[in-house]
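Asker: what would the 3D arrangement of this be:
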Amino acid sequence: MRTLLQTQRRGAFEIVASAAVLLLVIGCSNLDSPDDNATSTGTVTGAPNVAAVKALAQGLMFGTRTEMPDYIFMMGTLGREGYCLCNNEPRFISELLIGPIDGGSLGADIFLWRNPFKNIRGANLLLAALDKVADLTDDQKSATRGFAETIQARDFLNLLDARDSSGIPMEVSADPSEPPGPIKTQPEALDSIAKLLDDANTKLLAGGSAFPFLLTSGFDGFNTPQTFAQVNRALRARVAVYQKDYSTALTALSQSFISTTGPLDVGAYDVFTTNSGDALNILYDPSGVQYYAHPSFVSDAQSQPGGAIDARVTRKVRVIAPKTLLGVTSNLLITVYNSPTAPIPIIRNAELILLRAEANIGLGHPQDAINDINVIRTEDGGLAPLAPSFSGDLLDELLYEKRYTLFWEGGHRWIDMRRYGKLNELPRDLPTHKIISRFPLPQAECLPRNPTPAGCAPVFGQ
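Answerer: Predicted coordinates for the structure are as follows:
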């Protein structure tokens, strides 16, 4: 039986012609809108031309975006940031809060697996095509390789963040008839992702002054090989913190766009538009049809001087009529995204400052960590700064700031609480609710493997 990943290896050829992920070639008037007629499979796999390579490179930005709204709300549900109280799909409550999650579930199979691997495969097609195009300079090829590998690293990291100890396969072969590649453990996969980012960074720095294609507006300020390398280093810092390689994290951060004096929202973003053939940000929910915050987002919040609640609460949720689904009730509408075209952060300055604080906690440099935590507390939350002599649990303070600043942006709370063995501190709304630590591997990825990988077993939670 062909595995799901093998099916995606073959199906990923569709990326090249799909309106969901391909853009107009260089010279188009509206880069943020994909185009059905940008190129074809044959022009990439047979005798690729410059236009086809440019279109495929641009398409990676839309492919890596495809699952992010689903990724955010599903992992946000597991981390008790909020819920999808979706009347038409109660499994987003029953599976994610009660379980078990098996390999045929919505998250393990449909939403958080297929499209990331399609995009990774699309990047491999691009990398193979580059060597066949004579009309690109060596610098342009190097820049394009660095860009494609950075996008691949992001897709792999998202896949791994959802599965943790289940692991992930990382060998995406060109031949779908080949046996499936090995399942890498979480530490092995992080090592591979770190290496992919480092290799990509080297290629970006050798990539000259301009990409041979346009980037979307989500990369404004980071649309040359040298500035895009700062995004690469930001992602590398996140991986290094996950690895507890804190010295490497600080080095990567020093080469990123981190700034304690610049806007906290500066960064790289997934973009959405109302243009024909493009996608909207489905997390925008102005009338309260679906996305509600967990009540603890208000009840756990600290107060500003003078007694007002943490400013992030009033910016990110508002009180509306309560809604109940399967015994879960909330009256807090999530307002993080204020329009159907609101961008979603890939990584931004606020996270980098918090990653540096986390690295300094890990290295035993509490004062440096306090300095960075206070930037976020005061500027983002309106809270009083921690005293230089603060003697409380600095890690808990850091996790509080990450929870409120990165709320509903990428499943960060679930990932962070899992990394620090704190999942059992997450609230349970009902006695039947479980805390689930990971998604399993999809069934179709598991059936052809002998012996069956441990990550294929259903996850029941605690």
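
Asker: contacts only, for the closest residue to D265 other than its chain neighbours.
Answerer: Once flanking residues are discounted, D265 sits nearest to R348: 5.7 Å by C-beta to C-beta, 6 or more residues apart in numbering. Where you see a C-beta, it was placed from the backbone N, CA and C, and this is true even at glycine. Shown in contact with R348 (C-beta atoms under 8 Å, 6 or more residues apart in numbering): 264-269.

Asker: go through those residues and say which is closest to K141.
Answerer: A268 (22.3 Å; C-beta to C-beta).

Asker: my guess is the closest one contacts S217, does it?
Answerer: No. If you go by C-beta atoms under 8 Å, A268 and S217 don't touch, sitting 10.8 Å apart.

Asker: low-confidence regions, the stretch 151-300 of the chain specifically.
Answerer: Under the criterion pLDDT under 70, the flagged ranges of the stretch 151-300 of the chain are 173-176.

Asker: can you show me the strands along it?
Answerer: 168-169, 183-184, 267-270, 291-293 (DSSP state E, counting those that start in this stretch).

Asker: out of these, which is the most enclosed?
Answerer: strand 291-293 (a mean of 26; mean count of other C-beta atoms under 10 Å).

Asker: which helix or strand contains L332?
Answerer: strand 328-334 (DSSP states H and E).

Asker: now that strand: buried residues?
Answerer: Within strand 328-334, the residues scored as buried using 16 or more other C-beta atoms under 10 Å are 328, 330-334.

Asker: alpha carbons only: can I get that strand in CSV?
Answerer: This file holds the C-alpha atoms of strand 328-334, laid out as CSV (Å, rounded to 0.1, in the frame of the first residue of the first chain):
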residue,chain,number,x,y,z
VAL,A,328,-17.7,23.7,26.9
THR,A,329,-18.8,27.4,27.4
SER,A,330,-17.1,30.7,26.7
ASN,A,331,-18.2,34.3,26.2
LEU,A,332,-14.8,35.5,25.0
LEU,A,333,-14.6,36.1,21.3
ILE,A,334,-11.0,36.0,20.0
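
Asker: what helices or strands is that strand leaning on?
Answerer: strand 82-84, strand 291-293, strand 317-325 (3 or more C-beta pairs under 8 Å, 6 or more residues apart in numbering; DSSP states H and E).

Asker: mean confidence score for the last one?
Answerer: In this model, strand 317-325 has a mean pLDDT of 97.

Asker: residue contacts, the nearest residue to T341 once chain neighbours are set aside?
Answerer: Closest residue to T341 apart from its sequence neighbours, by C-beta to C-beta, 6+ apart: F272 at 4.9 Å. Residues counted as contacts of F272 (C-beta under 8 Å, 6+ apart) are 65, 278-281, 340-344.

Asker: thought I101 was touching E95?
Answerer: Yes. I101 is within contact range of E95, at 5.6 Å (criterion: C-beta under 8 Å).

Asker: more crowded one of the two?
Answerer: Shown here are I101 and E95; by other C-beta atoms under 10 Å, I101 has more neighbours (23 against 20).

Asker: helix, strand or coil for the closest residue to I258 other than its chain neighbours?
Answerer: Nearest residue to I258, sequence neighbours excluded (C-beta to C-beta, 6+ apart): L352, at 4.1 Å. What DSSP: H, G, I helix; E, B strand; the rest coil gives for L352 is helix.

Asker: tabulate the contacts of R348 (TSV), appending distance to P116.
Answerer: Formatted as TSV, the contacts of R348 follow (distance: C-beta to C-beta, whole Å):
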residue	distance to P116
L264	27
D265	25
V266	26
G267	20
A268	17
Y269	18
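
Asker: of those, closest to T227?
Answerer: Nearest to T227 among the contacts of R348 is A268, at 10.1 Å by C-beta to C-beta.

Asker: dump the residue contacts of that closest one.
Answerer: 218-219, 222, 231, 234, 345-348.

Asker: quick check: the farthest pair among the residues you listed?
Answerer: Farthest pair in those, by C-beta to C-beta: G218 and A234, 13.9 Å.

Asker: show me which of those two is the more surrounded one.
Answerer: A234 (26 against 20).

Asker: hmm, that one is touching L352, no?
Answerer: Yes. If you go by C-beta under 8 Å, A234 and L352 touch, sitting 5.7 Å apart.

Asker: find the residue closest to S166 in space, skipping its chain neighbours.
Answerer: The nearest residue in space to S166 (C-beta to C-beta, 6+ apart) is G455, at 3.1 Å.

Asker: hmm, what's the outermost residue in this structure?
Answerer: What lies farthest from the middle of the chain is G306; by C-alpha atoms, centre = their mean that is 36.2 Å.

Asker: could you check how far that one is from I347?
Answerer: 33 Å (C-beta to C-beta, to the nearest Å).

Asker: can you give me the helices in the stretch 351-462 of the chain?
Answerer: For the stretch 351-462 of the chain, the helices defined by DSSP state H, counting those that start in this stretch cover 366-381, 394-405, 412-419, 443-446.

Asker: now tabulate the ones you listed in a markdown table and tack on mean pLDDT.
Answerer: Formatted as a markdown table, the helices of the stretch 351-462 of the chain follow (pLDDT from 0 to 100):
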| stretch | mean pLDDT |
| --- | --- |
| helix 366-381 | 98 |
| helix 394-405 | 98 |
| helix 412-419 | 98 |
| helix 443-446 | 88 |
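
Asker: now do the shared contacts for I101 and E95.
Answerer: In contact with both I101 and E95: G107, using C-beta under 8 Å, 6+ apart.

Asker: so R428 makes contact with Q462?
Answerer: No. Look at R428 against Q462 with C-beta under 8 Å: they stay out of range, at 9.8 Å.
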